[in-house]
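Student: Sequence plus the predicted model coming up.
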Amino acid sequence: MAERCGWCGNDPLYIAYHDREWGVPEYDGRALWEKLVLDGFQAGLSWITVLRKRENFRAAFNGFDPADIATWGEPEVARLLADPGIIRHRGKIEATIGNARAFLAIGGAEAFSEKMWAYVGGAPVVNHFATLAEVPASTPLSEQISRDLRKAGFRFVGPTIVYAWMQACGLVNDHLVSCPARRV
C-alpha cells in the first residue's frame, strides 16, 4: 500500500503542500528565490510555521519582488519587525534584503534558475529512499551550492537550508519510494 511521506503528518495544509508542491520541479527563477528566502526563515523552526505564514510573507515582502526588496533599508526592516504575520527576526529580514541584491547581481531570475539547475544537470536528482531515516539533512552538493551562494553574497543559505530548498523545488526528488506523490 502506498503511503505519503510521513513528515507532513495529518495537517491538511501540510498534506496539500506535500502532495501538490513539494518536490515538483520549479524552474521559475523568481519562485526559486522566494522559496530560498522562506527556507532561510525556517532556520530553527518547523516548515509548517513558515507555510502557515507564507501568504503574510508574500504581502509583507511585496510579492517577493527582488528589484523592490533590494532597495529597502531600515524603515522597511522596522516595518517588518512590527508585522505579527511573519517571523520577526532582524537577521533573516536583513538577509532577505541582501539576498535580493545578490540575486540581482548574478543576473536575476533567468540566470538564477539556470545556475541552480546546472548543479543537477537540468533535471531532478531522483533518490530512492524507503524510510525518512535514510533522507540526509545535507549532501556534498548542498554544501557546494551553499558555499557558492555565500560567495555570491547570500545569507541564511547553509547546507541544511539549501538541501531543504532543493527538495522543495524539485532539484532532488526525495519522496519515499512508497509515496503516491513521487513523480519519476
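Tutor: Sure, I can see it.
Student: in the protein, which spans are strands?
Tutor: In order along the chain, the chain carries the following strands (DSSP state E): 125-126, 172-173.
Student: How many residues are close by His175?
Tutor: Around His175 there are 24 other residues, counting by other CB atoms under 10 Å. (C-beta placed from N, C-alpha, C; glycine too.)
Student: what's the longest helix in this structure?
Tutor: Counting residues, the longest helix found in the chain (DSSP state H) is helix 90-105.
Student: among the strands of the chain, which is nearest Arg150?
Tutor: Arg150 sits nearest to strand 172-173 of all the strands of the chain, at 20.1 Å, using CB to CB.
Student: Asp39 versus Thr96, what's the distance?
Tutor: Applying CB to CB, to the nearest Å, the value for Thr96 to Asp39 is 11 Å.
Student: Likewise for Gly23?
Tutor: Gly23 is 14 Å from Asp39, where distance means CB to CB.
Student: Mind listing the shared neighbours of the two?
Tutor: Common neighbours of Gly23 and Asp39 (criterion: CB atoms under 8 Å, 6 or more residues apart in numbering): Ala168.
Student: on that earlier part again, can you pick out the residue with more neighbours from Thr96 and Asp39?
Tutor: Using other CB under 10 Å as the criterion, Thr96 and Asp39 rank with Thr96 on top: 28 against 24.
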